[in-house]
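>>> Got a sequence here, can you model it:
(chains A and B)
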Amino acid sequence: MSKSIFELVDQLPTNNMTIMVLRSLDFVVPGQWDNLVGFTNTIRTVTGETDESLIQQIGDRAVCLYNDKSQGYQRAMWLYQTVDRTDSALGAAALANKVGEKIPLMGFLNKITPKADKAQTIDLCMKLVVELVAFCQINGIPGDSIGDFVGSLGDYSGESLMRMAALVCIDGLIPLGPDFILKALSTLNGTNPTELEQNNTFQSVKDLIPGGNTAGQLNFINQSFDSVKGWMSGFVSGRGLTPENVINNMQKFVEISADKLDYLGAFLDMTTNYYEHTGTQTLARRLIERAVAEI
Amino acid sequence: MIFPGLRRILAPFLLAVLLLVTSCSAKQPSRFDQAQIESTKRGATPAVVKESQQGSSFNKFLPKGGGGYDRVFTQEKKGFAEAKLNKNGKNVAMLSISDTVNLPDAAKKFQSSTQKIGGYPAVDVGNTQTAVLVGHYQVKVLSRDPSFTKSDRDAWLKQFDLNGLANLK
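Residues are numbered from 1 along each chain as shown, chains lettered A, B, ... in the order given. Okay, here's the model as predicted:
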């Protein structure tokens, strides 16, 4: 049986590779993410309520909403979990005996295979598409106009904004370089449905990607990337993000040299699950916001 | 041998109890276990029932914002619509409409209501919420910042099109 929402939120870690990496990205979205964990704690923080019987009612309603499969919350959770599978053995190895010292990336080079640009581009795009699909599963399509919908997308904050920051940095800037948006666009244009079909990340989540068949899904991926590229380039230029300043902040806990960036990208991919982690936090927040308004 | 049948079933029964107890103790008990059991058992009432009003039909009754406040729609699910109220980019309150057909208990609290807003029964909930019942629809304003007080909530509740909502079939 799948886990309850309160178990998932109660079991969110407070110290692992994912947390270290996300904390190092605080400079991108200052103060937006504080790793809120624990179901009851999340209810208190999100709602500002303190009465125990009220907290019980809110939690009970959130649990019921999550378990009603027609409401799409479990599909969203599955998407966040599936697009972001970690090689947990490597994650644990990286952290072993590393309290207070840096992780030497050199020690893992033989366990890491950098992804080809095409595979990395598809990964980046699949995460974006998952964000879009999960957003609609969780929130519906808010408002009565395209403008309302775009407004609700543009209102990203907290852990959602951190997830997008991590996407840009970890799946864009580090593995693909400063011109990752252009690079991804041209790679995507040169990808055919057969190649997409062979990509592991696509394979794992394709059942929930709109488009009907692989060609239609590739089209949907292209359209999705096209619709967010303006936002992404604004995000990168507005915050002055470069591979160098992202890496400078990561060097507080991992030893890397600038010529091994593709290895760093693959290492982070294998040792973190920031989509699942922050996605669980987003889902919990939205469920609780709905529950407190409905009780 | 008075209870041969009992003896035969005693060992498997004890084993089953043991397995049940150990499998349960492996998990931390939670105050939400009961809700989890109730909502996942066979034939459980869904959180959102078929008869529920669509969330999209609620949007037009929400106040538009203005006076330094931006309204940003955040959720539109069956039986529920919600928007943020932001001031200077900061979220100060939430505005919501929900269909109590999905949660009849939510409507019951209005039976002891002593105040009216816009002619409809109103109650305060917890530290942060004020709610109005319009037919079987619940309208709520929830503070998300200490600067947004009970009187702000009352004022914003009056800005919903409550009479329009009352006519929603």
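
>>> residue boundaries of the strands in chain A?
A:103-104, A:254-255 (DSSP state E).

>>> And chain B, by the same measure?
In chain B, strands defined by DSSP E lie at B:65-66, B:69-77, B:80-87, B:90-99, B:115-117, B:120-125, B:129-134, B:137-143, listed in chain order.

>>> gap between residue A:143 and chain B?
Using C-beta to the nearest C-beta, to the nearest Å, one gets 4 Å for the distance from residue A:143 to chain B. C-beta coordinates here come from the backbone N, C-alpha and C atoms, glycine included.

>>> need the contact list for residue A:19.
If a contact means C-beta atoms under 8 Å, 6 or more residues apart in numbering or on different chains, then residue A:19 has A:13, A:35, A:277 as its contacts.

>>> Same list (the residues you listed) but as a markdown table, adding neighbour count.
A markdown table is the format used below for these (neighbours: other C-beta atoms under 10 Å in any protein chain shown):
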| residue | neighbour count |
| --- | --- |
| A:13 | 12 |
| A:35 | 17 |
| A:277 | 26 |
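
>>> With respect to chain B, which of these is nearest?
Proximity of the contacts of residue A:19 to chain B (C-beta to the nearest C-beta) peaks at residue A:13, which lies at 15.4 Å.

>>> sorry, back to before: make JSON lines out of the strands of chain A and add mean pLDDT and mean neighbour count.
Output for the strands of chain A, formatted as JSON lines (pLDDT from 0 to 100; neighbours: other C-beta atoms under 10 Å in any protein chain shown):
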{"stretch": "strand A:103-104", "mean pLDDT": "80", "mean neighbour count": "17"}
{"stretch": "strand A:254-255", "mean pLDDT": "84", "mean neighbour count": "18"}
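
>>> Just tell me which of those ends up closest to chain B.
Here strand A:103-104 is closest among the strands of chain A (C-beta to the nearest C-beta), at 30.8 Å.

>>> Let me see the residues that make contact with that closest one.
A:94-95, A:253-255.

>>> if you set the cut-off to 7 Å instead, what comes out?
Strand A:103-104 is contacted from outside by A:94, A:253-255, using C-beta atoms under 7 Å, 6 or more residues apart in numbering or on different chains.

>>> now swap in stretch A:203-211 and tell me
Residues outside stretch A:203-211 that contact it (C-beta under 7 Å, 6+ apart): A:75, A:79, A:82-83, A:126, A:129-130, A:133, A:217, A:219-220.

>>> Contact residues of chain B facing chain A?
Residues of chain B lying near chain A by C-beta under 7 Å from any C-beta of the partner chain: B:30-32, B:35-36, B:39-40, B:46-48, B:55, B:59-60, B:72-77, B:80, B:82, B:84, B:94, B:96, B:98, B:103, B:106, B:126-128, B:140, B:142.

>>> remind me which residues of chain A are low pLDDT?
Residue ranges of chain A with pLDDT under 70: A:1, A:86-88, A:96-100.

>>> Get me the contact residues on it for chain B.
A:4, A:6, A:47-51, A:54, A:56, A:59-61, A:63-65, A:67-68, A:70-71, A:139-144, A:148, A:151-152, A:155, A:286, A:289-290, A:292-295.

>>> out of those, which are buried?
Burial of these was assessed by neighbour count (16 or more other C-beta atoms under 10 Å in any protein chain shown); the buried members are A:4, A:6, A:47-49, A:54, A:56, A:59-61, A:63-65, A:67-68, A:71, A:139-143, A:148, A:151-152, A:155, A:286, A:289-290, A:292-295.
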